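# Next comes the sequence, and after it the predicted model I'd like to discuss.
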Amino acid sequence: DQQVKQNSPSLSVQEGRISILNCDYTNSMFDYFLWYKKYPAEGPTFLISISSIKDKNEDGRFTVFLNKSAKHLSLHIVPSQPGDSAVYFCAASADSGGSNYKLTFGKGTLLTVNP
Amino acid sequence: DTGVSQDPRHKITKRGQNVTFRCDPISEHNRLYWYRQTLGQGPEFLTYFQNEAQLEKSRLLSDRFSAERPKGSFSTLEIQRTEQGDSAMYLCASSLGWGAEETQYFGPGTRLLVL
């Protein structure tokens, strides 16, 4: 049972345009969400996170939006650059005794940014 | 800050052999995690340590798997009597976990191939 779903296996955008990656979750106990980027043969690299008490978090070119009622979050990258081409994973965790630890990941979306 | 390191990066073994992987977390990170990633999937949680105590093990971690974190520093993951289904990328992550929100930082992974 996939608790975190990334329904688009791949996405292709032109350099300079906006990339929007989507993620849906089913577990209402999730309260902390993260996006990771992964290049081939490397481990996931942390990009940005958001707590369930917020609906938006921004860091440079990256913005994450959270819609709790829809159990949906999205990552916006503006402007997209060829170096952003990678697999993007959405991950979620639930508070357990005051701390979150176990991450549940989606299957990832392969983003290709064309020059 | 040298990040999370893992050794070896690649391991090829024959079915039935034992293998051991090592993870060195970011210094002063009190939490350490092991995940497994297979082709086309996101990382899946295996186990986690707070300092030297192993606090949770996933049902994915069969009795052929054992993990240790002596002295709360580096960790080892051993797989006994390897099977072809154990072929995967084994990822280690660490975090400084004291609050409800924490970010896990991943190492480059160890890719295991069981022939």
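Noted; the coordinates are in hand. Not measured: the values here are computed from a predicted model.
# What parts of chain A come near chain B?
With CB under 8 Å from any CB of the partner chain as the criterion, chain A comes near chain B at residues A:4, A:31-32, A:34, A:36, A:41-46, A:49, A:51, A:89, A:91, A:95, A:98-108. Where C-beta positions appear, they are placed from N, C-alpha and C, glycine not excepted.
# Got a quick PyMOL command for the buried subset of those?
Remark: buried members of these, expressed as a PyMOL selection using 16 or more other CB atoms under 10 Å in any protein chain shown:
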select buried, chain A and resi 4+31+32+34+36+43+44+49+89+91+95+99+100+101+102+103+104+105+106+107+108
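# Take the residues of chain A next to chain B and keep only those in strands.
Among the residues of chain A next to chain B, the members found in strands (DSSP state E) are A:4, A:31-32, A:34, A:36, A:45-46, A:49, A:51, A:89, A:91, A:95, A:99-100, A:104-105.
# now for the residues you listed, which pair is the farthest apart?
Greatest spacing in those, by CB to CB: A:45 and A:95 (24.3 Å).
# Any idea what the residue of chain A found nearest chain B is bridged to?
Chain B sits closest to residue A:105 of chain A, with a gap of 3.0 Å, by CB to the nearest CB. Beta-bridge pairing for residue A:105 (DSSP bridges): residue A:91.
# Do I have it right that it meets residue B:42?
Yes. Assessed by CB atoms under 8 Å, residue A:105 is found in contact with residue B:42 at 3.0 Å.
# tell me, what's touching these two both at once?
Common contacts of residue A:105 and residue B:42, defined by CB atoms under 8 Å, 6 or more residues apart in numbering or on different chains, comprise A:4, A:89, A:91.
# just the residues you listed now: which is nearest residue B:12?
Set against residue B:12, the nearest of those by CB to CB is residue A:89 (26.2 Å).
# Go ahead and confirm that closest one touches residue A:104.
No. With contact defined as CB under 8 Å, residue A:89 does not count as touching residue A:104 (10.5 Å).
# now the strands for chain B?
B:5-7, B:10-13, B:19-24, B:31-37, B:44-50, B:53-57, B:65-68, B:75-79, B:88-95, B:105-106, B:110-114.
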